[in-house]
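Undergrad: 3D, please:
(3 chains)
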Amino acid sequence: MDAMEAIKQTFFQECEELLLAMEEGLIAMDTGAADDETINAVFRAVHSIKGGGGAFGFEDLVEFAHVFETVLDRLRSGALKPSDRVVKVLLRAGDILADHVAAARSGNAYPKGADSDVIAELNALSETNESKDALPDTDEFGFRPTPIAIASAPPAAKTWRIHFVPHAALYAKANDPFLLLRELATLGTAQVTADLSRLPALDVLDPDQAYIGWDVTLEADVPRARIEDVFDFVVGDCDLEISEALPAPAPIAIAIEPEDAIPQAQPPRAEAPEKKEPAAANADTAVKQAIRVDLDKVDRLVNLVGELVITQAMLSQRVHECDIPRASLIGNGLAELEHLMRELQESVMAIRTQPVKSVFQRMPRLVRELAAQTNKDVRLVVEGEATEVDKTVIERLGEPLTHMIRNAIDHGLETPEDRVAAGKPAEGTVTLSAEHRGGRIVIEVSDDGKGIDRARVREKAVERGIISATAQLSDEETDNLIFMPGFSTASQVSNISGRGVGMDVVRRNIVDLGGRIVIGSTPKKGSRFSLTLPLTLAVLDGMIVMIGGQTYVLPLAHIVESLKPRSGDIHGFGSGRRLLNVRNSYVPLVDTGALLGVTQDADPASGVIILVESQGAGRFALAVDAIVGQRQVVIKSFETNYRHIEGIAAATILGDGRVALILDVDGLVSRCRGELGGAERSELLATGT
Amino acid sequence: MDDHKETADRRQFITFRSGEQEFGADIMVIREIRGWTETTALPHSPDYVRGVINLRGVVLPVVDLKSRLGRGATATDIKHVIVVIQAEGRTIGLLVDAVSDILTVTTAEIQATPELVRDEQAAFVEGIAVLGERMVTILSMNRLAASLVASEHAQAA
Amino acid sequence: MSKVILTVDDSRTIRQMLKLALGDAGHTVIQAEDGVDGVEALQKADNVDVIITDINMPRMDGFGLIDQVRRDPRNRAIPILVLTTESDAAKKQRAREAGATGWIVKPFDAGKLIAAIRRVAP
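TA: Residues are numbered from 1 along each chain as shown, chains lettered A, B, ... in the order given. Predicted coordinates:
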């Protein structure tokens, strides 16, 4: 790849980080949690985006960033105060800047005028009419253009006389007169003489003082500006006289005024050292060393470790089969190996975990846009952003989160008027939180809106044939009807909520990941979505079982308990169905072997029952032949090379090198229920828990 | 043909036997040849899908070629062979009796499929190569692999 | 003649661009992300011929860096070029007051960069 292309990619990656930092800072300013450093950070972010953008010639981006940056500069110098109104403008400006970056990245032009409103507001805040074109001219060496009367010069070279006396300050700044004179010399033919008139006697010579000056006669066909340019860095730290030697009598000496305040050693930069302390104390800037690694490399590492785990298990198995006692040297060695493997696997998995913050970061903007579109006042509270989850899960979180938040704002929250009428504050609150609970990650989106209108939901469900008119459902079951296929309310689909993707698709995607999603609500008070996901999609804690002579894996997450049934506990129900009495509650009994098509009419009482909890369908009793053990298995896809089979989630490779199928509890349950008639299904629903 | 030139219309095939018939598959789609190992059965799958095996960490579905072509199931023993092919973005294994050799033919030598070949086979047959007394049925692995996915909807649950 | 150049900038993009331009010209580049890093890098290095630094950086900005560098008399001979997107006289003056040897205005091109270095380092 072309080097500049690679840097351009770096630039866009960096922009992403900078935009996030900017948004964080702006949000902090919005909630009043900002300090000077926050404002500086926001300024720097926009400044850096502008700087990089300029290097690649993204003019629209640079122009907008410049206007934005000007306001931020006023903010950090204290000339402008971060009032609510100001911050709101800045937030919008931030969104527009993100759009500019996106346009630059995709190569599409930014729509003309889409930013004019915000620019107008920003300009108002800078109290200047700094239009987009008011970018200061930058020319070579940043020389400030001075008007030069260019008389039609005769082709003959001009003769310049330069008198140059550096001050001590010039040396203090590591400038070297020799280099300046050398540069002068490159312009033409130069004759240099040292002016030693100020040089004192040796015994009073102060080595830190500057005494020597130079007179240069330069024959060069250059404009004066070019000569002044050579001294651009040191103007102010020297006496400089440039004159053109004219054939006429007296050379007109034009002195360039040395600029103000010849500085003394080090003007105290009070800000910098002070900022060091609070910055170090601030947890955010605590230097946790990080490196950037290609995702491919991490994935490869994870796969390799997965293979290692399998191989180690195989090895253990073979050794065990050879009847080598565990207390032997080999046995001990293997136990140690297993222990190390577990640690290795955990560490490697931890590399891939990321805080959910990266997904949560997109939500504030979404909330802002939705609030604007629905004309509602919404405040977003975020908790637990630091909760860490495997990147495979993070990638899949965005979509369900977006739907939940859309739902909360669109359907949950009332308009400000309605809220006030109900005695609530006009501003609605949506809370987004993440935490680890029981080996899973639980993400909740709750709102303080009007809750679910259960009567309407029921009505709609009956209308669409999802439930029978006489079905008895608990409040919780009614609330979760919104996840039923076909429920998506076409009539009240708004532009934002219904993009043809109903909550049923959202739920299906989550279930496919091994997670679950439920909704609960309190009328008039609010609703809450609860989304649970496994911490990683690469490994699974499973129970190894035998069914029809074959080994299968049941995900532990769905297992409630296992038990040995007594024939007296098994009851017939309807046509050929059976129920199991578990402590006086009746659970549908599933002949798993028959369901999978691997056995016929096994006697459930002769095996073991595994009680599982399925998504929204209550508990089921799965009959298996035997339980072999419990293990963490590496998930392998078989759909890549084959196709989806309902009831089978994935595959794994066991210690003996053979493939074992991982069962999909919800899939099995659907398959089972699919074999039931509609009426029986809802009756089962009622008795199932 | 005594041509020693590399002409564009020459193709190379690996030939194998399955139930008394000889078949050929384009050498480009063949990844490796393995001995037979017991498969893990897949529920609710067609009879010709014997199951899956572990191919160095990849879950490989194994299709009994004889069965797929409607000629009954192969009674496997350790002498049988799994031909690992890669087509249509999938890696699958084909259970055959034995692998024969590598055949180089020109496209001119491949004849069209005669009418009396059964439908099930015809879908996967590209043509027939006749070399002296040998008749090799050239199979399209792409179509075979693609048919694995398609069969889902043909399945009665 | 090849120089050892310390580049201090919080933008990865700018650091890479500097490295590319300076590297192509045969110089050795040491990178730092902010003033604190820069001071550390200077202390660790055997020899630094030129420092190029951004102004706006977290933890310690360009002025702070120049200040720290100039405090040590051994470093007074090291030219420091300040990178700035701001070309107005006031900012340049401030840089000069802080002890900067010169400046490079962003967006810069390789030519500008190399010429500026030649002006301050032999």
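
Undergrad: what about residue 83, neighbour count?
TA: No chain specified, so I'll use chain A. 10 (other CB atoms under 10 Å in any protein chain shown). Quick note: C-beta positions are derived from backbone N, CA and C, even for glycine.

Undergrad: that's the other chain; I wanted chain C
TA: As a burial measure, C:Leu83 scores 25 neighbours (other CB under 10 Å).

Undergrad: low-scoring stretches of chain B, by residue?
TA: Scanning chain B for pLDDT under 70 picks out B:1-8, B:115-120, B:149-157.

Undergrad: contact residues of chain A facing chain B?
TA: Contacts of chain A with chain B, taken as CB under 8 Å from any CB of the partner chain, map to A:303, A:306-307, A:310, A:550-551, A:596-598, A:636-638, A:640-648, A:651, A:653, A:657-661, A:671, A:674.

Undergrad: so how do I select the buried members of the residues you listed in ChimeraX?
TA: For the buried members of the residues of chain A next to chain B, the matching ChimeraX selection, counting by 16 or more other CB atoms under 10 Å in any protein chain shown, is:
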select /A:306,310,550,551,596,598,636,638,641,642,643,645,646,647,648,651,653,658,659,660,661,671
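
Undergrad: restricted to strands, list the residues of chain A next to chain B.
TA: Within the residues of chain A next to chain B, residues falling in strands by DSSP state E are A:550-551, A:648, A:651, A:653, A:659-661.

Undergrad: those into a markdown table, with extra columns for distance to A:Leu240 and pLDDT?
TA: What follows is these, written out as a markdown table (distance: CB to CB, whole Å; pLDDT from 0 to 100):
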| residue | distance to A:Leu240 | pLDDT |
| --- | --- | --- |
| A:Gln550 | 93 | 89 |
| A:Thr551 | 90 | 92 |
| A:Ile648 | 85 | 87 |
| A:Ala651 | 81 | 89 |
| A:Ile653 | 80 | 85 |
| A:Val659 | 84 | 91 |
| A:Ala660 | 85 | 93 |
| A:Leu661 | 86 | 94 |
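
Undergrad: which element is A:Ile609 on?
TA: strand A:608-614 (DSSP states H and E).

Undergrad: what pairs with that strand, and is each one parallel or antiparallel?
TA: The pairing partners recorded for strand A:608-614 under DSSP bridges are strand A:559-563 (antiparallel), strand A:618-624 (antiparallel).

Undergrad: average pLDDT for the helix or strand A:Glu23 falls within?
TA: In the assignment (DSSP H and E), A:Glu23 maps to helix A:3-30. Regarding helix A:3-30, the rounded mean pLDDT is 90.

Undergrad: ok now that helix, how far from the chain's centre?
TA: Its chain's C-alpha centre and that of helix A:3-30 lie 11 Å apart, by CA atoms, centre = their mean, to the nearest Å.

Undergrad: ok, now stretch A:391-408?
TA: Using CA atoms, centre = their mean, the offset of stretch A:391-408 from its chain centre is 12 Å.

Undergrad: pull out the buried residues from it.
TA: Buried-residue list, stretch A:391-408, by 16+ other CB under 10 Å: A:391-394, A:396-397, A:400-408.

Undergrad: A:Gly25 is in contact with A:Ile39, correct?
TA: Yes. Using CB atoms under 8 Å, A:Ile39 is in contact with A:Gly25, at 7.2 Å.

Undergrad: tell me the secondary structure at the residue nearest the centre of chain C.
TA: Residue closest to the average C-alpha location in chain C (CA atoms, centre = their mean): C:Ile52, at 1.0 Å. With DSSP: H, G, I helix; E, B strand; the rest coil as the basis, C:Ile52 sits in strand.

Undergrad: measure it to chain B for me?
TA: 50 Å (CB to the nearest CB, to the nearest Å).

Undergrad: residues contacting that residue?
TA: Listed by CB atoms under 8 Å, 6 or more residues apart in numbering or on different chains, the contact set of C:Ile52 reads C:5-9, C:18, C:80-83, C:104.

Undergrad: least confident secondary structure element in chain A?
TA: helix A:271-281 (a mean of 37; mean pLDDT, DSSP states H and E).

Undergrad: for chain C, same thing?
TA: Min over SSEs of chain C, mean pLDDT, DSSP H and E: helix C:89-98 (a mean of 76).

Undergrad: where exactly do the helices run in chain B?
TA: Along chain B, the stretches classed as helices by DSSP state H are B:65-68, B:119-122, B:141-154.

Undergrad: right, I mislabeled it, should have said chain C
TA: For chain C, the helices defined by DSSP H occupy C:12-24, C:35-44, C:62-71, C:89-98, C:110-120.

Undergrad: weakest of those in terms of mean pLDDT?
TA: helix C:89-98 (a mean of 76).

Undergrad: could you dump that helix to PDB, C-alpha only?
TA: Output in PDB follows, covering the C-alpha atoms of helix C:89-98 (Å, rounded to 0.1, in the frame of the first residue of the first chain):
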ATOM      1  CA  ALA C  89       2.100  36.600  14.400                       C
ATOM      2  CA  ALA C  90       0.900  36.500  18.000                       C
ATOM      3  CA  LYS C  91       1.200  32.700  18.200                       C
ATOM      4  CA  LYS C  92       4.600  32.700  16.600                       C
ATOM      5  CA  GLN C  93       5.700  35.400  19.000                       C
ATOM      6  CA  ARG C  94       4.500  33.200  21.900                       C
ATOM      7  CA  ALA C  95       6.500  30.300  20.500                       C
ATOM      8  CA  ARG C  96       9.500  32.500  20.200                       C
ATOM      9  CA  GLU C  97       9.100  33.800  23.700                       C
ATOM     10  CA  ALA C  98       8.900  30.300  25.000                       C
END
